[in-house]
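Q: no sequence on this one, just coordinates:
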């Protein structure tokens, strides 16, 4: 079954592209969005560099039944971008000296019944190198020896539990405090129930019919369930890279190139990068990042 949904696109430009005139950049993106295919573009586009909006466009509808139009502040389940948020919340606890990355998670979750809790560390969970398949089962491999993004969901759920344990607050509250720092007034943990502009997600059946897809990542906020808007994602990026969320040492842990960066290899944490965030609800793999072709934007 194919997956179809409205799309949010956020582009943070490479330095090589910054010399392009806004009018030229806009015309190139307009051409991409108006490209005639068997499915027209439907989504929110925001191009930003250094906190300055270079391009903004809204095209399409948020509900195929009511034909309600998309708005600049339409909210999306941001999928695996949530992992970067969770990683920052973990490192914020590191800043407070509430945890250590190289300590087995048994120190923070002593109630875990599995022996892997004595070998899996927070660092393993952040990098998707833990091997945990499920509670009550042995790991798929020796922790720290392999990367498996397919196991990211349980790893980041465990991280959210560790944050709750070390902070003494609910994960919902900890994330809300971070969003307040960033000025993200339209971003929420799904349990807050304040997402009045959440777009619908759809699946496309084999016969081409669009069906509302109630499946989402709301049951796993830390791995893929946070709700946000294009403008709020820019606010997050700006706050993260301007030192508002982390101390220099832990921030450098995120931006220093390594085999598997925190927050998933799919989500670069460099201040200036180029990516397309496709906020769609997938049934299996929840990678929502596509790099923008510099060649396409330069044409």
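A: Yep, that arrived. No experiment lies behind these values; they were computed from the predicted model shown. Residues are numbered from 1 along each chain as shown.
Q: Now residue 116: closest residue in space, sequence neighbours ignored.
A: Counting by Cβ to Cβ, 6 or more residues apart in numbering, residue 139 is the residue found nearest to residue 116 once chain neighbours are left out, at 4.9 Å. Any C-beta I mention is one placed from the backbone N, CA and C, and that applies to glycine too.
Q: Could I get the contacting residues of the one you found?
A: For residue 139, the residues meeting the contact criterion (Cβ atoms under 8 Å, 6 or more residues apart in numbering) are 116, 120, 130, 131, 132, 133.
Q: quick one: the fourth one and residue 140 touch, right?
A: Read it as residue 131. Yes. Counting by Cβ atoms under 8 Å, residue 131 does reach residue 140; the two are 4.5 Å apart.
Q: sorry, back to before: quick one: which of the contacts of residue 139 is the most crowded by neighbours?
A: residue 130 (29 neighbours; other Cβ atoms under 10 Å).
Q: what do residue 131 and residue 140 both touch?
A: Taking Cβ under 8 Å, 6+ apart as the contact rule, the neighbours common to residue 131 and residue 140 are 146, 148, 151.
Q: quick one: which of those residues is nearest to residue 196?
A: Of all these, the one sitting nearest residue 196 is residue 151; the distance, using Cβ to Cβ, is 34.0 Å.
Q: measure the closest one to residue 71 for me?
A: 36 Å (Cβ to Cβ, to the nearest Å).
Q: Check residue 143 too.
A: From residue 143 over to residue 71 the distance is 45 Å, taken as Cβ to Cβ.
Q: Ok, residue 206 next?
A: As judged by Cβ to Cβ, residue 206 and residue 71 stand 32 Å apart.
Q: In terms of neighbours, single out the busier of these two.
A: Summary of the neighbour comparison: residue 206 and residue 71, criterion other Cβ under 10 Å, with residue 71 having more neighbours (13 against 7).
Q: Would you check that that one makes contact with residue 199?
A: No. Judged on Cβ under 8 Å, residue 71 makes no contact with residue 199 at a distance of 9.6 Å.
Q: Residues that sit against both of the two, list them.
A: residue 62.
Q: can you pull out the strands in the protein?
A: Applying DSSP state E to the chain gives strands spanning 2-5, 7-12, 43-49, 52-59, 61-63, 68-69, 76-77, 201-204, 210-212, 227-228, 276-277, 289-290.
Q: so where is the stretch 151-299 of the chain shaky, pLDDT-wise?
A: Applying pLDDT under 70 to the stretch 151-299 of the chain picks out residues 202-204, 208-219, 257-299.
Q: hey, where'd the helices end up in it?
A: For the stretch 151-299 of the chain, the helices defined by DSSP state H, counting those that start in this stretch cover 152-167, 171-182, 230-241, 248-255, 294-298.
Q: In JSON lines, list these along with mean neighbour count and distance to residue 109.
A: Conversion of the helices of the stretch 151-299 of the chain to JSON lines gives the following (neighbours: other Cβ atoms under 10 Å; distance: least, Cβ to Cβ, whole Å):
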{"stretch": "helix 152-167", "mean neighbour count": "21", "distance to residue 109": "6"}
{"stretch": "helix 171-182", "mean neighbour count": "18", "distance to residue 109": "14"}
{"stretch": "helix 230-241", "mean neighbour count": "22", "distance to residue 109": "27"}
{"stretch": "helix 248-255", "mean neighbour count": "15", "distance to residue 109": "21"}
{"stretch": "helix 294-298", "mean neighbour count": "12", "distance to residue 109": "44"}
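Q: Distance to residue 79 added to those helices, as TSV?
A: Below are the helices of the stretch 151-299 of the chain laid out as TSV (distance: least, Cβ to Cβ, whole Å):
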stretch	distance to residue 79
helix 152-167	11
helix 171-182	15
helix 230-241	12
helix 248-255	19
helix 294-298	23
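Q: Nearest to residue 29 among those would be which one?
A: helix 294-298 (7.8 Å).
Q: that older thread, from the shared contacts of residue 131 and residue 140, which single one is nearest residue 235?
A: When the shared contacts of residue 131 and residue 140 are compared for distance to residue 235, the smallest value, 30.5 Å, is given by residue 151; criterion: Cβ to Cβ.
Q: give me every residue that touches residue 86.
A: With Cβ under 8 Å, 6+ apart as the criterion, the residues that contact residue 86 are 156, 159, 160, 163, 222, 223, 263.
Q: how about 6 Å then?
A: Residue 86 makes contacts with 156, 159, 222, as judged by Cβ atoms under 6 Å, 6 or more residues apart in numbering.
Q: Please report how far the residue sitting nearest the centre point of the chain lies from residue 176.
A: Geometric centre of the chain, nearest residue: residue 81, 0.3 Å, by Cα atoms, centre = their mean. With distances defined as Cβ to Cβ, the gap from residue 81 to residue 176 amounts to 17 Å.
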